[in-house]
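Asker: Sequence plus the predicted model coming up.
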Amino acid sequence: MPMGLALLGWTNKEGFFLIGYTPDYIKNYLDDETVMRIGSLHRMRKLDPNFLTLNLKDFRVASFFSGMRTAKFIITPNFTITLLLENNENPHEYANILPAASREILESLSGDKQRFDTRIARMPDVIAAIGDEYKQILPKVFDDIVSGRIKEKLSVEELLGEAGYSEAEEESPAEKEIRRLQEIIKEKDESISMLQKMLSQKQQDGSLDSNSLISDMNNTIQILQKQLSEERSKVRELTSQVQKFEAQLTKYPLLETKSREMLSELTILKKENEEIKNKLDVYESSDEARVDEILKKKMKSGEGWSRFIPL
């Protein structure tokens, strides 16, 4: 059963951040690092709309990204709708549910709302611009997902087609290989089921009078089962490698965000340092002027110079 639904936003200055969530307790699962990891995986996959799944320690994720304004996007760009799932759920089952369900949320963020420039905007600017309608829509959509009321199933490719984009979403080489292996597994599963059904039927009919034929069919089933096990192992290994690689990639945006923060702090410190230097220059100039004035007065009065007069 789904645990909750979250809305994430993005700006160039702050990266990805949490905007809204339902129910309230899932906030405990969505710290800044997790939010940045989910959003960054979307952006590193591609800037166009995309769907991804992620297995984390305490929960699983199915997530839809609406796309960047500078690329293809669905309804309203730069937002992510993320579904949190329990560990025993398969997030891939939501690949055609979440994109369809996300449309209502994205529509609540657009319309006559104030426009903002993601290059210079910050989180408060985004939240002020999108209004409050999403606060009612988010719980409604989550309840629709949990209750199975999302009747229309749409993939990301179909949503792009609705939006007038003709090109299908590109797959990475790893994703293509996983899909190829999954198709092989499906074919071999079907072959095993067919052979087992044939063998069972013939045994029931009494049409199998040859032990060698039974042995051959059993051997074929065992070979297919072994191949199936190997292919499944390859899928698990490849999926694990992809997840590890994606986890490593997410560190770079986090470092980039930290770097931007440090550069911003450095700029402020440089400015403060320059102000202090200017003040010191003023003080030093003032002190020098005062010393010169005192010396001139002493020279005029003859005070303080008796040690230079010969005895």
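Answerer: That came through, no problem.
Asker: longest single strand anywhere in the protein?
Answerer: Counting residues, the longest strand found in the chain (DSSP state E) is strand 2-11.
Asker: Tell me the strands beside that strand, with direction?
Answerer: Using DSSP bridges, the strands paired with strand 2-11 are strand 15-22 (antiparallel), strand 79-85 (antiparallel).
Asker: Mind checking the pLDDT average for it?
Answerer: Averaged across strand 2-11, the pLDDT comes to 93.
Asker: One more: stretch 21-29?
Answerer: Mean predicted confidence for stretch 21-29 is 95.
Asker: Could I get the CA-only coordinates of it as CSV?
Answerer: Extracted in CSV, the C-alpha atoms of stretch 21-29 (Å, rounded to 0.1, in the frame of the first residue of the first chain):
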residue,chain,number,x,y,z
TYR,A,21,3.3,16.1,1.2
THR,A,22,0.5,13.9,2.4
PRO,A,23,0.0,12.4,5.0
ASP,A,24,2.1,14.5,7.5
TYR,A,25,4.2,11.6,8.8
ILE,A,26,6.0,11.0,5.5
LYS,A,27,8.0,14.2,6.2
ASN,A,28,10.2,12.1,8.4
TYR,A,29,11.3,10.1,5.3
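Asker: buried stuff in it?
Answerer: Tyr21, Thr22, Ile26, Tyr29 (16 or more other Cβ atoms under 10 Å). (Glycine included, C-beta is placed from N, CA and C.)
Asker: farthest pair in the residues you listed?
Answerer: Pairwise distances across the buried residues of stretch 21-29 (Cβ to Cβ) peak at 12.7 Å, for the pair Thr22 and Tyr29.
Asker: which neighbours do these two share?
Answerer: Gly4 (Cβ atoms under 8 Å, 6 or more residues apart in numbering).
Asker: Leaving out the residues flanking it, which one is nearest to Arg149?
Answerer: Asp143 (7.8 Å; Cβ to Cβ, 6 or more residues apart in numbering).
Asker: Please list the residues outside stretch 19-34 that contact it.
Answerer: 3-9, 17-18, 56, 58-59, 79, 84, 126-127, 130, 134-135, 138-139, 142, 254.
Asker: May I see the PyMOL selection of the buried members of these?
Answerer: Filtering the contacts of stretch 19-34 down to the buried ones (16+ other Cβ under 10 Å) takes a single PyMOL command:
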select buried, resi 3+4+5+6+7+8+9+17+18+59+79+84+126+127+130+134+138+139+142
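Asker: number of nearby residues for the closest residue to Lys13 other than its chain neighbours?
Answerer: In space, and not counting its chain neighbours, Lys13 is closest to Arg122: 5.8 Å by Cβ to Cβ, 6+ apart. Arg122 sits with 13 neighbouring residues when counted by other Cβ atoms under 10 Å.
Asker: Arg122 and Thr11 touch, don't they?
Answerer: Yes: counting by Cβ atoms under 8 Å, Arg122 sits close enough to Thr11 to count as a contact (6.2 Å).
Asker: Now do the shared contacts for the two.
Answerer: Counting by Cβ under 8 Å, 6+ apart, nothing touches both Arg122 and Thr11.
Asker: Against Leu18, how distant is Met1?
Answerer: Distance of Met1 to Leu18, given as Cβ to Cβ, to the nearest Å: 22 Å.
Asker: Repeat that for Thr76.
Answerer: 17 Å.
Asker: Also Val156?
Answerer: 23 Å.
Asker: Then Met194?
Answerer: Taking Cβ to Cβ, one finds Met194 at 49 Å from Leu18.
Asker: swap in Lys57?
Answerer: With Cβ to Cβ as the criterion, Lys57 and Leu18 are 19 Å apart.
Asker: ok, back up a step: which helix or strand contains the residue nearest to Arg149?
Answerer: Using DSSP states H and E, Asp143 falls within helix 134-147.
Asker: quick one, domains of this structure?
Answerer: 2-170, 174-249 (automatic domain parsing).
Asker: Which among those is found nearest to Leu269?
Answerer: domain 2-170 (18.6 Å).
Asker: The strands paired with strand 2-11: which one's closest to Lys277?
Answerer: strand 15-22 (34.0 Å).
Asker: After the closest one, heading C-terminal, what element do we hit next?
Answerer: With DSSP H and E setting the assignment, the helix or strand that follows strand 15-22 is helix 32-45.
Asker: which parts of that following helix are buried?
Answerer: Applying 16+ other Cβ under 10 Å to helix 32-45 flags Thr34, Val35, Met36, Arg37, Ile38, Gly39, Ser40, Leu41, His42, Arg43, Arg45 as buried.
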